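*Asks:* mind folding the following:
(2 chains)
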Amino acid sequence: MSPASTRPGRFGPYGGRYVPETLVHPLEELAAAYREAKADPSFGIELEKLLRDYAGRPTPLTFAPRLSAALGGRKVYLKREDLLHTGAHKINNCLGQVLLAQRMGKRRIIAETGAGQHGVATATVCARFGLECVVYMGAEDMERQALNVARMRLLGAEVRAVASGSRTLKDAINEAMRDWVAHCGDTHYLLGSVLGADPYPTMVRDFHACIGREARAQYLQAEGRLPEALIACVGGGSNAMGLFYAFLPDKQVKLIGVEAGGKGNELGLHAARFAPGGGGSPGVLQGTFSYVLQDAAGQIALTHSISAGLDYPSIGPEHAQLHDEGRAEYVAASDAEALAACQTLARLEGIIPALESAHAVAEACRRVPRMAADAGVIINISGRGDKDMGILARELKLADGDRG
Amino acid sequence: MSRFADIFATARREHRAALIPYLTVGDPSLAASLEIALALAEAGADILELGVPFSDPVADGPVIQAASQRALAQGVRLADALELARQVRQRSPVGLLLFSYYNPILQYGLERFARDAVAAGCDGVLAVDLIPEEAGAYRAAAEAAGLDTVFLAAPTSPDERLAAIGAASRGFVYTVSRLGVTGARATVAPGAKELVERLRRQTRLPIALGFGISQPVQARAVAAFADGVVVGTALVEAIARAPEAGAAAAGAAFLRGLRAACEMG
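*Replies:* Prediction:
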């Protein structure tokens, strides 16, 4: 069933380029620009400087003493992408791609966003470099992430509401692709995850690979050995790929991706592409061949997650390969588990994670107590929870009137 | 000779471009689609593009997106499009091209799809988001079953890609007149003629042009340099504006206006 292809940009059978013909040339231009940039030392130096002086890298690897104690004394470390400028890992990729757009002479940037973190990071780098910025966002996501909509507008970006389909991330990507087809001559599509047609999955992973390189060195320095496991949430999968990538050769390190289990296992109630019986199977969506939540006739299913950033029916093609090869393990955490984990981390460590990242914390809370007594893990705190305060206040009854 | 080759040869003999209307299968209903298809054939369509509704039509503008949504809401899927083709074929020799996104075809099964499409009387298939480089298994399945594969050529395609697109296509090549998604425009894009000329240097197949053509004056301009004229959005809109009982008549009336314009005079 896997389409035969020998083209680059494949991860086993997954990946590829499934786009209307109009976009092939812009994708080839982008791939060539990326190849040239990688070979040009001045590109790496400029990016590293921006990541350090503007974004705030390296981020700390924080030992979590009270969470560790609560989970039976195993050592839990947090990779603190939440401390980056704009509050999530997304800016790593945005800085890389905006430098590429400059090399290509493209002055207009478009992006999609789910939770708004990628949109805010894109609006931020566009402000920094003086570029026009249009962000597509599902109308439902604009409601649940209103704070990030205001942030993008404050930064000078135009936020366009997408009212078609499920009115979430998937539909925002459709609309961004339509914009790109019409304006590819002067516009760079700053895709925000390890999704889409080649070269995006490879390029976005590379721009986030600093997460894992830092975490690996930091853990070695702190513990003198490698961790037993890495745990990261997976929507499209960029923070997880960024953390996992440097550890791929370290076969003894377990890689655990946590999908959105939503409200149940029935198709439409979750965004767990790999969940057995959940309706995910290999298919083509938005430029790439990967696991997709779909009906038997290949129509893409609706999804649900309390976290907008995980609410997406497909997953990066490299995750599909890691899944099939057994190199990474994928599990799901429900809305309720993520909410509880968010509260746990806030109360035990004084860190409020994004609802996306809370899914990774939830899996740690389940798994770590069953691990060997001397085990250690790294959880990727991919973003901070400020943007979710409206949902958290409602769901956890934090407002004055709720406290009785 | 394939039916598409016959159709283009006949049109050329008659000094006109082939007329290729698009309809979304199942909009407003499957029963109406059959009536519309037969009425379009009667009104002078040479080839019908049967649009398979898809949940995420990234190449389509708002009008065809909405038509797809209406069809999907009634449960219309690829299998229904094949059944519609079978019913049209029982009553008409019109050319039939399935126009789909790739995932429904992939999930149906490439070989099973090609066999069933030919058995239903389809002449060819165009998968909007499938380029020749990714289409190895798809082309093999279609070729084995005798189903023509039509690929898109775009204004952004360099000459070497146009050559590969011509080599992978059977029946004809579908050129996209402009950057952007499907949708009616006021004028024919200035680069369209040049694209068709560039493509002619790479392939001997007939060349149809689509995306944005909505009026007789545009069809006439396109017929002067292309072998086929595709009209989609404007027709879907004309059908959507009419009450369901009048949809076929509205579509046919719209098409007759274009048919006259396709005569090269």
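*Asks:* in which helix or strand would I find residue 221?
*Replies:* Unless you meant another one, I'm taking chain A. helix A:210-223 (DSSP states H and E).
*Asks:* that was the other one, I meant chain B.
*Replies:* Secondary structure here is read from DSSP H and E; on that basis B:A221 sits in helix B:216-223.
*Asks:* and the contacts of that helix?
*Replies:* When contacts are taken as CB atoms under 8 Å, 6 or more residues apart in numbering or on different chains, the neighbours of helix B:216-223 outside the stretch itself are B:16-17, B:19, B:177, B:187-188, B:192, B:209, B:212-213, B:229, B:231, B:257-258, B:260-264. From N, CA and C alone the C-beta is placed, and that goes for glycine too.
*Asks:* quick one: average confidence on that helix?
*Replies:* When pLDDT is averaged over helix B:216-223, the result is 92.
*Asks:* low-confidence bits of the stretch 301-404 of chain A, can you list those?
*Replies:* A:403-404 (pLDDT under 70).
*Asks:* typo on my end, chain B
*Replies:* B:1, B:264-265.
*Asks:* how close does the residue nearest to the spatial centre of it sit to B:P243?
*Replies:* Averaging the C-alpha coordinates of chain B gives a centre point, and the residue nearest to it by CA atoms, centre = their mean is B:E49 (3.6 Å). Separation of B:E49 from B:P243 (CB to CB, to the nearest Å): 24 Å.
*Asks:* please apply the same query to A:A182.
*Replies:* Distance of A:A182 to B:P243, given as CB to CB: 33 Å.
*Asks:* settle it for me: which of those two has more neighbours?
*Replies:* When A:A182 and B:P243 are compared on other CB atoms under 10 Å in any protein chain shown, the one with more neighbours turns out to be A:A182, at 16 against 8.
*Asks:* element containing the more buried one?
*Replies:* Taking DSSP H and E as the definition, one finds A:A182 inside helix A:169-183.
*Asks:* is any part of the very next helix or strand once past that helix close to chain B?
*Replies:* For helix A:169-183, the succeeding helix or strand toward the C-terminus, using DSSP H and E, is strand A:187-189. No - Strand A:187-189 stays clear of chain B (CB under 8 Å from any CB of the partner chain), getting no nearer than 10.3 Å.
*Asks:* adjacent strands (with direction) for strand A:187-189?
*Replies:* When pairs are called by DSSP bridges, strand A:187-189 turns out to pair with strand A:108-113 (parallel).
*Asks:* any idea of the mean pLDDT in the partner strand?
*Replies:* Mean per-residue pLDDT for strand A:108-113: 98.
*Asks:* output it as CSV, nothing but the C-alphas.
*Replies:* This file holds the C-alpha atoms of strand A:108-113, laid out as CSV (Å, rounded to 0.1, in the frame of the first residue of the first chain):
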residue,chain,number,x,y,z
ARG,A,108,6.0,38.2,2.4
ILE,A,109,5.6,35.4,5.0
ILE,A,110,2.5,33.3,5.5
ALA,A,111,2.0,30.7,8.2
GLU,A,112,-0.7,28.5,9.8
THR,A,113,-1.2,28.2,13.5
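*Asks:* re earlier: tell me which element the residue nearest to the centre of chain B falls in.
*Replies:* Per DSSP H and E: strand B:47-51 holds B:E49.
*Asks:* which of the contacts of helix B:216-223 are buried?
*Replies:* Among the contacts of helix B:216-223, those classed as buried by 16 or more other CB atoms under 10 Å in any protein chain shown are B:16-17, B:19, B:177, B:188, B:192, B:209, B:212-213, B:229, B:231, B:258, B:261-262.
*Asks:* which residue packs closest to A:A375, ignoring adjacent ones?
*Replies:* If you skip the residues right next to it in sequence, A:A375 has A:E228 as its closest partner in space, 4.3 Å away by CB to CB, 6 or more residues apart in numbering or on different chains.
*Asks:* could you measure from that neighbour over to chain B?
*Replies:* A:E228 sits at a distance of 38 Å from chain B (criterion: CB to the nearest CB, to the nearest Å).
*Asks:* burial count for that residue?
*Replies:* Burial of A:E228 is recorded as 18 neighbouring residues (other CB under 10 Å).
*Asks:* so it makes contact with A:L255?
*Replies:* No - in this structure A:E228 lies outside contact range of A:L255 using CB atoms under 8 Å: 11.0 Å.
*Asks:* what's near enough to touch A:C342?
*Replies:* By CB under 8 Å, 6+ apart, A:C342 lies in contact with A:352-353, A:355, A:358, A:361, A:385, A:388, A:392, A:396.
*Asks:* weed out the non-buried ones from these.
*Replies:* Taking 16+ other CB under 10 Å as the criterion, what is buried in those is A:352-353, A:355, A:358, A:361, A:385, A:388, A:392.
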